[in-house]
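Asks: Make a model of this:
(one chain, ligands or ions: 1)
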Amino acid sequence: MTRIITTLLAVLLSSAIFAFAAHHEGTTLEITSNDTMQFNTKSFEVKAGEEITLVLKNLGKLPKAAMGHNLVILKPGSNVAGFATAAVRAVVNEYIPTDDANKAMIIAHTKLLGPGEEDAVTFTLPDTGAYPFVCSFPGHFALMQGIIYAK
Ligand code: ZN
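Replies: Okay, the predicted model is just below:
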């Protein structure tokens with residue numbers, strides 16, 4: 001009898017775990033940034049339409065005012081240099097532009113991170129395509145940019 005109950009419990013438990021896993025379907029990605037203005041990746045692939053959780057970890061030690069990092073995901077075909085130029089002026093908004101044209105390019109963005117900080121952002125890339133990502137801290141986008149390929 002005890003054995004039957006144990007088996008039943010095991011079956012119930014595994015279906016509970018399965019339900020939990022199914023509910024949290026999606027992909028979690030971790031990207032790091034550092035004091036030499038680098039992300040640890042220049043490109044990666046995700047599935048279009050899938051929920052993505054992206055965690056940005058700033059491994060740097062320099063203060064946020066000198067070497068802050070964020071990660072901004074833009075729509076395919078966005079003018080990345082134009083966006084980064086507008087971002088420089090958005091000091092009070094942690095370098096996320098607030099004008100309509102630039103705001104419309106943003107899919108998602110993390111907070112601006114100081115040394116040792118991290119932030120997670122959840123988003124979905126609706127269509128297949130190449131989605132640029134940048135750090136919008138002044139002067140960083142030339143080195144700190146890459147592409148997310150949604151397949
Ligand atoms: Zn940066």
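
Asks: Help me confirm that Phe44 comes into contact with Ile148.
Replies: Yes - between Phe44 and Ile148 there is a contact at 6.1 Å, judged by C-beta atoms under 8 Å. All C-beta atoms are positioned from the backbone trio N, CA, C, and that covers glycine.

Asks: Just want to know which of these two has more residues nearby.
Replies: Set Phe44 next to Ile148 and count neighbours by other C-beta atoms under 10 Å: Ile148 wins out with 23 against 14.

Asks: Skip the chain neighbours and tell me the closest residue to that one.
Replies: Leaving out its chain neighbours, the residue that sits closest to Ile148 by C-beta to C-beta, 6 or more residues apart in numbering is Tyr131, at 4.4 Å.

Asks: right, and the helix or strand after the stretch of helix or strand Ile31 belongs to?
Replies: For Ile31, the host element (DSSP states H and E) is strand 27-33. Heading C-terminal from strand 27-33, the first helix or strand you meet, by DSSP H and E, is strand 43-46.

Asks: ok, residues contacting that next one?
Replies: With contacts defined as C-beta atoms under 8 Å, 6 or more residues apart in numbering, strand 43-46 is touched by Thr27, Leu29, Ile52, Leu125, Gly146, Ile147, Ile148, Tyr149, Ala150, Lys151.

Asks: From the residues you listed, keep the buried residues only.
Replies: The neighbour-count test (16 or more other C-beta atoms under 10 Å) marks Ile52, Leu125, Gly146, Ile147, Ile148, Ala150 as buried among the contacts of strand 43-46.

Asks: for those residues, which one is nearest Gln38?
Replies: Gly146 (10.3 Å; C-beta to C-beta).

Asks: what packs against the one helix or strand that closest one maps to?
Replies: Using DSSP H and E, Gly146 maps to strand 145-150. Strand 145-150 sits against strand 43-46, strand 129-134, with contacts defined as 3 or more C-beta pairs under 8 Å, 6 or more residues apart in numbering; DSSP states H and E.
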